[in-house]
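Trainee: give me coordinates for this.
(one chain, ligands or ions: 2)
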Amino acid sequence: MSTTPEDEVGTPEVEEVDVVVVGLGPGGETVAGLLGKAGKDVVGVEERLVGGECPFYGCVPSKMLLAEARRLAEAGRVTGRCGEADVVPDFARVAQRIREEATHGWDDGEYVERLTGTGARLLRGRGRLVGERTVEVTLTAGGTRTLRARDGVVLATGTEPAVPPVDGLATTPYWTNHEVFQATEAPASMVVVGGGPIGVELAQAFARFGTRVTLVEGAERLLSGEEPEAGPVLEAALEADGVTVLLGQHVDAVRHDDDGFTVTVGEEQLRAERLLVASGRRARADLGLEHAGIEVPDSGLLTTDEHLRVVGSPGHWAVGDLTGEGAYTHLATAQARVAARALLGRDGPAADYRAVPRVTYTDPEVAGVGLTEEQARERGLDVAVATGDLGARGWLERTDGLVKLVADRARGVLVGGTVVGPGAGEVLSMLVVAVQHELPVRDLLRTVFAYPTWHRAVETVLHDLDLAPDL
Ligand SMILES: Cc1cc2nc3c(=O)[nH]c(=O)nc-3n(C[C@H](O)[C@H](O)[C@H](O)COP(=O)(O)OP(=O)(O)OC[C@H]3O[C@@H](n4cnc5c(N)ncnc54)[C@H](O)[C@@H]3O)c2cc1C
Ligand SMILES: NC(=O)c1ccc[n+]([C@@H]2O[C@H](COP(=O)([O-])OP(=O)(O)OC[C@H]3O[C@@H](n4cnc5c(N)ncnc54)[C@H](O)[C@@H]3O)[C@@H](O)[C@H]2O)c1
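Mentor: Numbers count the residues shown, from 1 in each chain. Ligands and ions are numbered 1, 2, ... in the order given. Model prediction:
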């Protein structure tokens, strides 16, 4: 942690400022920065690291690990195809790069500089509401400060790992996303609890560095929020990397001794050096919300209107994971721009969640946008659906993967799409544009798709929707 310019904030009993932002992850930092640049007197409150989960315990270190794991897997395919390669994974090297290049030793100096460079001020400590638009900060350095915001308070405290109430688990040295990226060596074996994005990404990354991984998922498929066709493709890929995938099963008990973990799953006892809990997230809503008249459901997620105002509580905004609209950095920053405009009294588009991209960076990537087929049917749409495999990229290479498109037959537009395959997150971009801007399938079919690309599979599946049979 770098030094904090705390003394820049005055010390009267209750200090009046324009805006207080509590939590400086991607959402909070973006709002505070935009308001700072616009000349507002804005104070950001952060109890840990400015930048939040994404750069230090989330997106950045996980993607660095996955990118190197992919390089290992690719190098492992050289022998027999185009030469000879003896590939020896060395986790310590990527661990060092995570420490030195990605997280700077978990030091947020750069982020503090970026924030304060906008004119926003930083208070390092834990914030909680003690009244309407009034935040009390328990300072990391000791003591408290109370700030009253003339324009509003933005709540951007995100989430933390939700640890399931499994017998024995709480007293063991299990890992979450906070410990796992600080590992200096790959464990010999690891049980991963949860087959959501965090679980599958890290299961594959560690397996490719030589860890014997067993993944336990309670649902009947991996990535249960995505189209049902995606899970089995990913499952086969993980198994090909040596991961044992246990679906529809829960961890019943956990013990830890000098030899590692014993994880009971039904009748089975799994032994592993490490245990990674990736079984979901819990909102960080312990914020004295009741003092500002904010009602909070059991989930802790705050309901916001289209300008990110907390519903029923004027003067309070919420952005990022805390809103429950999706846990993605790009969504948090998009919401932040909407909230900042509203706080500045500027016109602009409202929040729009129709085409928020979701990308899980496994190999193959799993990417989705908009509604799944099931969600579209639940909404009563007259649904047209088509699915096709990714097939061959010309005759260069063949891969397992798929494209699934969901259309509203009445309007002739796509409402959702899924791509599983190499670069699926990149292929997805055309579907994001199509869903967001409601481009007619007819018009999409008048587009020429380059040969031989993976994205060309989209053209075939668009035809299979049968919404423009004359084309
Ligand atoms: C392993 C992992 C991988 C991920 N990979 C991706 C990815 O590839 N792409 C993607 O888009 N998303 C990814 N995410 C999700 C992404 O990290 C989150 O969606 C994003 O960080 C949410 O931003 P936020 O601003 O809502 O909150 P957070 O990043 O959670 O930040 C909230 C901040 O608030 C602070 N805080 C909390 N309570 C208080 C308080 N009372 N007072 C003061 N400060 C407080 C916290 O210390 C924290 O710094 C990943 C997440 C994880 C865990
Ligand atoms: N690439 C990305 O964009 C990326 C990567 C990682 C995380 N994230 C974000 O972070 C969020 C949280 O990710 P996550 O993977 O922790 O959560 P998640 O809620 O998406 O998945 C958790 C999984 O754990 C399973 N589970 C829960 N309790 C269990 C138990 N006791 N035993 C076995 N299985 C259990 C659930 O069925 C679920 O499939 C994601 O929804 C995503 O938005 C994004």
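
Trainee: please name the residues that touch the closest residue to ligand 2 within the stretch 151-300 of the chain.
Mentor: Of all residues in the stretch 151-300 of the chain, the one sitting closest to ligand 2 is residue 196 (2.0 Å; CB to the nearest ligand atom). Just so you know, the C-beta spots here come from the backbone N, C-alpha and C atoms, and that holds for glycine as well. For residue 196, the contact set (CB atoms under 8 Å, 6 or more residues apart in numbering) comprises 223-225, 278-280.

Trainee: again, 6 Å this time
Mentor: Residues near residue 196 by CB atoms under 6 Å, 6 or more residues apart in numbering: none.

Trainee: that one and residue 285: what is the separation?
Mentor: Distance, residue 196 to residue 285, by CB to CB, to the nearest Å: 20 Å.

Trainee: one more: residue 466?
Mentor: 46 Å.

Trainee: with neighbour numbers in mind, choose between these two.
Mentor: Taking other CB atoms under 10 Å, residue 466 and residue 285 do not tie; residue 285 has more neighbours (20 against 12).

Trainee: so the more buried one makes contact with residue 300?
Mentor: Yes. Using CB atoms under 6 Å, residue 285 is in contact with residue 300, at 3.5 Å.

Trainee: pretty sure residue 239 is in a helix, no?
Mentor: Yes. Counting by DSSP: H, G, I helix; E, B strand; the rest coil, residue 239 is found in a helix.

Trainee: for ligand 1, give me its nearest residue in the stretch 101-250 of the chain.
Mentor: With CB to the nearest ligand atom as the measure, residue 158 is the residue of the stretch 101-250 of the chain nearest to ligand 1, at 2.1 Å.

Trainee: burial measure for the residue lying closest to that residue once chain neighbours are set aside, as a count.
Mentor: Spatial nearest neighbour of residue 158, excluding adjacent residues (CB to CB, 6 or more residues apart in numbering): residue 321 at 4.5 Å. Neighbours of residue 321 under the rule other CB under 10 Å: 28.

Trainee: state the pLDDT value of residue 321.
Mentor: For residue 321, the model assigns a pLDDT of 98.

Trainee: can you pull the contacts of it?
Mentor: 158-159, 327.

Trainee: part of a helix, is it?
Mentor: Yes. Assessed with three-state DSSP, residue 321 lies in a helix.

Trainee: secondary structure class for residue 68?
Mentor: helix.

Trainee: er, residue 312 I mean
Mentor: coil.

Trainee: now the closest residue to it other than its chain neighbours: how far from ligand 1?
Mentor: Once flanking residues are discounted, residue 312 sits nearest to residue 295: 6.7 Å by CB to CB, 6+ apart. Distance, residue 295 to ligand 1, by CB to the nearest ligand atom, to the nearest Å: 18 Å.

Trainee: can you get me a residue count around residue 295?
Mentor: For residue 295, the neighbour count with other CB under 10 Å is 12.

Trainee: got a pLDDT number for it?
Mentor: With respect to pLDDT, residue 295 scores 89.

Trainee: residue 391 too?
Mentor: Residue 391 is assigned 74 on the pLDDT scale.

Trainee: get me the contact residues on the chain for ligand 2.
Mentor: Proximity of the chain to ligand 2, by CB under 6 Å from any ligand atom, involves residues 164, 193-199, 201, 216-219, 224, 250-251, 278-281, 326-328, 359-361.

Trainee: selecting buried members of these in PyMOL, what would you type?
Mentor: A single PyMOL command is used to select the members of these judged buried by 16 or more other CB atoms under 10 Å:
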select buried, resi 193+194+195+196+197+198+199+201+216+217+218+251+278+279+280+281+326+327+328+359+360+361
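
Trainee: so which of the residues of the chain next to ligand 2 are in strands?
Mentor: Secondary structure defined by DSSP state E assigns 193, 216-217, 281, 359-360 of the residues of the chain next to ligand 2 to strands.

Trainee: now for the residues you listed: which two are most distant?
Mentor: 216 and 359 (23.8 Å; CB to CB).

Trainee: what residues of stretch 408-421 count as buried?
Mentor: By 16+ other CB under 10 Å, the buried positions in stretch 408-421 come out as 408, 412-421.

Trainee: among the residues you listed, which ones are in strands?
Mentor: Short answer: the buried residues of stretch 408-421 in strands (DSSP E) are 408, 413-421.

Trainee: check these and tell me the two furthest apart.
Mentor: Farthest pair in these (CB to CB) is 408 and 421. Separation: 24.8 Å.

Trainee: how about residue 329, what does it touch?
Mentor: 26, 54, 59.

Trainee: tell me the pLDDT of it.
Mentor: For residue 329, the predicted pLDDT is 98.

Trainee: next one: it from residue 204, what distance?
Mentor: Residue 329 sits 20 Å away from residue 204, going by CB to CB.

Trainee: same question, residue 464
Mentor: On the measure of CB to CB, residue 464 and residue 204 end up 30 Å apart.

Trainee: kindly report the same for residue 70.
Mentor: To residue 204, residue 70 is 9 Å away according to CB to CB.

Trainee: neighbour count winner among these two?
Mentor: The neighbour count for residue 70 versus residue 204, taken as other CB under 10 Å, is higher for residue 204 (29 against 17).

Trainee: can you read off the backbone torsions of the residue nearest to the spatial centre of the chain?
Mentor: For the chain, the residue nearest the mean C-alpha position is residue 328 (3.9 Å; CA atoms, centre = their mean). Dihedral pair for residue 328: phi -140, psi 140, per degrees, to the nearest 10.

Trainee: residue 434 now?
Mentor: For residue 434, the backbone dihedrals (degrees, to the nearest 10) come out as phi -60, psi -40.

Trainee: what about it, how many residues nearby?
Mentor: Residue 434 is flanked by 26 other residues according to other CB under 10 Å.

Trainee: which residues does it contact?
Mentor: Residue 434 makes contact with 414, 444, according to CB under 6 Å, 6+ apart.
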